[in-house]
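**Student:** here you go, sequence then predicted model.
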Amino acid sequence: MSFIRFRTVSTILLTLLLLALFWFPQRMLNRCTADWEEKIASTSDALLSGRFSDAQQFCGELQEDFQRNKEALERFLNHDAVDSVATALGEAEILIRAEDAPGALSALAAARGAMEHLLCIERFTWNALL
Amino acid sequence: MLNLFLRTIFLYLFLLFILRLTGKRQVADLEPFDLIVTLVIADVGSNAISDTNIPLLYSIVPIIGLYLVQQLIARLCLKSAAIRHFICGTPQALIKGGVLQKPVMRRTNYTIRDTVEHLRQKDVFDFGEVENAILETNGSLSVQKKPAFDAPTKQDLNIKTKPESLPHIILAEGQYDEEALRASGFDRTTVDRLLQKRQLTKQDVFWVQVSSDGSLLLQTDDAHGQKLLRIDAEGRKA
């Protein structure tokens, strides 16, 4: 294969890889964060109505789901940003077990904020660009 | 640590691949847009090597992006003279008819000192020898000397010449270069036979070159005194 043909093929493949990288990580992140948002909302509702066992169950599911996807997320997101979600969720889990509703709600809010940050990294906005 | 090492190797190979794709111009004559790509790629690559908190994709995506932009600009420059002029600039005549062009010097931020330095690099030490000097877009200076100071060519001296082929190193450090062998019109058996006539094997020589006239020039290895030897197509000392 001549160099020019090799370069053309490589350039096409690299362009396709780039387009795939524009699409797949964002799609995965959108799906994950939508699920987690739902679970955070369910946990918060349970906490607000004093159902700590339900809150513990929702938060456990949330943690499990997060841990399952953490490795994949770290392939395209800054590890510190992913870790900040993990830390906030871990804190929320402990506080729910201790039946500290205000503390747990604040930790869940921090987790939601960290997830928003993840979305901002991956989603294109003019603000993020500037 | 192993992680860091493997990231370094991976990024090195990836950068090598990308820089190879961009072509040799990356190493030799850099146009402004080539220079930017090279500088930024180096920085982006080094970030991901040293910081394991950053995913490799954080380096790979920008590098691919820069490569694609570089390719796009290179193509646009090929297709459109206007874009080429805008991005690469135009060659500027720094010296025209032996006269330094002050407005050009001002425009290109070139001092007399810079001009003299560039001329010296072209083996010109006297302004009076220069007819024209063009500042190329990659920053190099092309010099045309006045006919009186230009070295005479064989044609000027009426010396007859015949076409010469390119010399090829066909054997180096005990290894034959198949491509060079093909290009020179020799084969392993012939070379081995010619060496044998001089009581040598391919292990006894450091390198063998097929010269333009078809003779073999070789250097024996340490054990044989590192001697230069020229032999003709019959294996005789030439």
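**Tutor:** Noted; the coordinates are in hand.
**Student:** so how far is residue A:111 from the closest residue to residue A:50 other than its chain neighbours?
**Tutor:** Distance criterion C-beta to C-beta, 6 or more residues apart in numbering or on different chains; nearest residue to residue A:50, sequence neighbours excluded, is residue A:101 at 7.4 Å. Every residue, glycine included, has its C-beta placed from N, CA and C. Using C-beta to C-beta, to the nearest Å, residue A:101 is found at 15 Å from residue A:111.
**Student:** looking at these two, which is more packed in?
**Tutor:** Using other C-beta atoms under 10 Å in any protein chain shown as the criterion, residue A:101 and residue A:111 rank with residue A:111 on top: 26 against 18.
**Student:** tell me the contacts of the more buried one?
**Tutor:** Residues in contact with residue A:111 (C-beta atoms under 8 Å, 6 or more residues apart in numbering or on different chains) are A:36, A:40, A:85, A:88, A:89, A:92.
**Student:** how about the host helix or strand of it, which residues are buried there?
**Tutor:** Here residue A:111 sits within helix A:101-122, counting by DSSP states H and E. For helix A:101-122, burial by neighbour count (16 or more other C-beta atoms under 10 Å in any protein chain shown) applies to A:101, A:103-105, A:107-108, A:110-112, A:114-115, A:118, A:121-122.
**Student:** I'd assumed residue A:47 was in contact with the residue nearest to residue A:50.
**Tutor:** Yes: the pair residue A:101 and residue A:47 passes the contact test of C-beta atoms under 8 Å, sitting 4.8 Å apart.
**Student:** skip the chain neighbours and tell me the closest residue to whichever residue of chain A sits closest to chain B.
**Tutor:** Distances between chain A and chain B by C-beta to the nearest C-beta are smallest at residue A:79, namely 4.4 Å. Leaving out its chain neighbours, the residue that sits closest to residue A:79 by C-beta to C-beta, 6+ apart is residue B:53, at 4.4 Å.
**Student:** quick check: residue B:229 is in a strand.
**Tutor:** Yes: using DSSP: H, G, I helix; E, B strand; the rest coil, the assignment for residue B:229 is a strand.
**Student:** quick one: neighbours of it, just the number.
**Tutor:** For residue B:229, the count of nearby residues is 17 (other C-beta under 10 Å).
**Student:** could you give the bridge partners of it?
**Tutor:** Beta-bridge pairing for residue B:229 (DSSP bridges): residue B:218.
**Student:** ok, it - contacts?
**Tutor:** If you count contacts by C-beta under 8 Å, 6+ apart, then residue B:229 has B:198, B:217, B:218, B:219, B:220, B:237 around it.
**Student:** cool, residue B:214 as well?
**Tutor:** Counting by C-beta under 8 Å, 6+ apart, residue B:214 has contacts B:232, B:233.
**Student:** what about it, helix or strand, and which?
**Tutor:** Following DSSP H and E, one finds residue B:214 outside all helices and strands.
**Student:** please report how far it lies from residue B:131.
**Tutor:** Distance, residue B:214 to residue B:131, by C-beta to C-beta: 40 Å.
**Student:** alpha carbons of the strand or helix carrying residue A:62, in PDB - could you do that?
**Tutor:** Assigned by DSSP H and E, residue A:62 belongs to helix A:52-74. Output of helix A:52-74 as PDB, limited to C-alpha atoms (Å, rounded to 0.1, in the frame of the first residue of the first chain):
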ATOM      1  CA  PHE A  52     -34.600   5.300  56.100                       C
ATOM      2  CA  SER A  53     -34.600   1.600  55.000                       C
ATOM      3  CA  ASP A  54     -36.000   2.500  51.600                       C
ATOM      4  CA  ALA A  55     -33.400   5.300  51.300                       C
ATOM      5  CA  GLN A  56     -30.700   2.900  52.200                       C
ATOM      6  CA  GLN A  57     -31.900   0.400  49.500                       C
ATOM      7  CA  PHE A  58     -32.100   3.200  46.800                       C
ATOM      8  CA  CYS A  59     -28.700   4.500  47.700                       C
ATOM      9  CA  GLY A  60     -27.200   1.000  47.700                       C
ATOM     10  CA  GLU A  61     -28.600   0.400  44.200                       C
ATOM     11  CA  LEU A  62     -27.300   3.800  43.200                       C
ATOM     12  CA  GLN A  63     -23.800   3.000  44.500                       C
ATOM     13  CA  GLU A  64     -23.800  -0.400  42.900                       C
ATOM     14  CA  ASP A  65     -24.800   1.100  39.500                       C
ATOM     15  CA  PHE A  66     -22.200   3.800  39.800                       C
ATOM     16  CA  GLN A  67     -19.400   1.400  40.700                       C
ATOM     17  CA  ARG A  68     -20.300  -0.800  37.700                       C
ATOM     18  CA  ASN A  69     -19.900   2.200  35.400                       C
ATOM     19  CA  LYS A  70     -17.100   4.000  37.100                       C
ATOM     20  CA  GLU A  71     -14.300   2.200  35.200                       C
ATOM     21  CA  ALA A  72     -15.900   3.000  31.900                       C
ATOM     22  CA  LEU A  73     -16.400   6.600  32.800                       C
ATOM     23  CA  GLU A  74     -12.800   7.000  33.900                       C
END
